[in-house]
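Undergrad: this one's structure only:
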């Protein structure tokens, strides 16, 4: 089975080097579950300054990323690896969710475009992009942080990426709820004790407690996740 391939297009390729070596992503790459290829957008420019941005038509503050390098980069990638699902990271995209990551994890090839400055020329969005994704209602300096988050959140769902196959299935959002509290040794720390039910050995009672705690935490922190789920 071929690994899920990500091609990331960025003006800061070194931004990706260390995170891709570590933790779940590093293990997934070693196990040939995922392949991440990083491309320097400046390699697809045609002037001596390797320019990727220019002033906006109509005036205004900030710079806009030029269309030509993105088109050339995507064409180069897809000549080598075939048509990918093209994602542009932007605050104007739809918020990334767990279900998005599950859907993306089932694809063979994803091309991730990282913007900077005031964003990309609109023709990139119109002609190249299949999906626009945001991490939330805030602005980052560029798409690289969001791209890493997308790659990590998707790759960890691939079978064999985690040490415990059931781990991802019990994470926050996987069940539609936030995760329940977790405890480990010591049993008592600075006057704070582990709930007795977790020490009881009664697995049915433990599961009930965890469900109740997950519901309570979700109601308190993210009540929007419970909309339309009155039966929970």
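TA: Good, I have the coordinates. Computed from a predicted structure; not experimentally measured. Numbering: from 1, shown residues only.
Undergrad: and the average pLDDT for the longest helix seen in the chain is what?
TA: Counting residues, the longest helix found in the chain (DSSP state H) is helix 203-221. The predicted model assigns helix 203-221 a mean pLDDT of 97.
Undergrad: pLDDT weak spots in this structure?
TA: Applying pLDDT under 70 to the chain flags the ranges 164-166, 230-232.
Undergrad: so for it, the centremost residue is which one?
TA: residue 150 (1.5 Å; CA atoms, centre = their mean).
Undergrad: OK, contacts around it?
TA: Applying CB atoms under 8 Å, 6 or more residues apart in numbering to residue 150 gives the contacts 87, 89, 96, 101, 104, 112, 133. In short, each C-beta sits where N, CA and C put it, glycine included.
Undergrad: cool, and residue 142?
TA: Counting by CB under 8 Å, 6+ apart, residue 142 makes contact with 10-12, 114-116.
Undergrad: quick one: the helices in this protein?
TA: Here the chain has its helices, by DSSP H, at 23-30, 67-81, 98-105, 122-127, 144-155, 203-221.
Undergrad: point out the most buried one among these.
TA: For these, the largest average neighbour count (mean count of other CB atoms under 10 Å) is found in helix 144-155, namely a mean of 22.
Undergrad: by how many degrees do that helix and helix 23-30 diverge?
TA: With axes from the mean of the first three to the mean of the last three CA atoms, to 10 degrees applied, the angle from helix 144-155 to helix 23-30 works out at 70 degrees.
Undergrad: when you give positions from now on, start the count at 473
TA: All set: I'll call the first residue 473, so the last point we hit is now helix 616-627.
Undergrad: next one: helix 616-627 to chain centre, how far?
TA: Relative to its parent chain, helix 616-627 has a centroid offset of 3 Å by CA atoms, centre = their mean, to the nearest Å.
Undergrad: so in this protein, which strand runs the longest?
TA: strand 557-567 (DSSP state E).
Undergrad: what lines up beside it in the sheet?
TA: Partner strands for strand 557-567, per DSSP bridges, with pairing direction: strand 581-586 (parallel), strand 603-606 (parallel).
Undergrad: so who does the residue lying closest to residue 677 once chain neighbours are set aside touch?
TA: Distances taken as CB to CB, 6 or more residues apart in numbering place residue 669 nearest to residue 677, at 5.5 Å, with adjacent residues excluded. Contacts were defined as CB under 8 Å, 6+ apart; by that measure residue 669 touches 677-678, 681.
Undergrad: please repeat the previous calculation with a cut-off of 10 Å.
TA: By CB atoms under 10 Å, 6 or more residues apart in numbering, the contact set of residue 669 is 677-682, 685.
Undergrad: give me phi/psi at residue 650?
TA: phi -70, psi 160 (degrees, to the nearest 10).
Undergrad: would you agree it is in contact with residue 696?
TA: No - with contact defined as CB atoms under 10 Å, residue 650 does not reach residue 696; the gap is 11.4 Å.
Undergrad: who touches both of those two?
TA: Applying CB under 10 Å, 6+ apart, one finds that residue 650 and residue 696 are jointly contacted by residue 690.
Undergrad: what about the two, which has more around it?
TA: residue 650 (19 against 7; other CB atoms under 10 Å).
Undergrad: now do the more buried one against residue 684, distance only.
TA: In this view, residue 650 and residue 684 are 13 Å apart by CB to CB, to the nearest Å.
Undergrad: and residue 493, how far from residue 475?
TA: Using CB to CB, residue 493 is found at 16 Å from residue 475.
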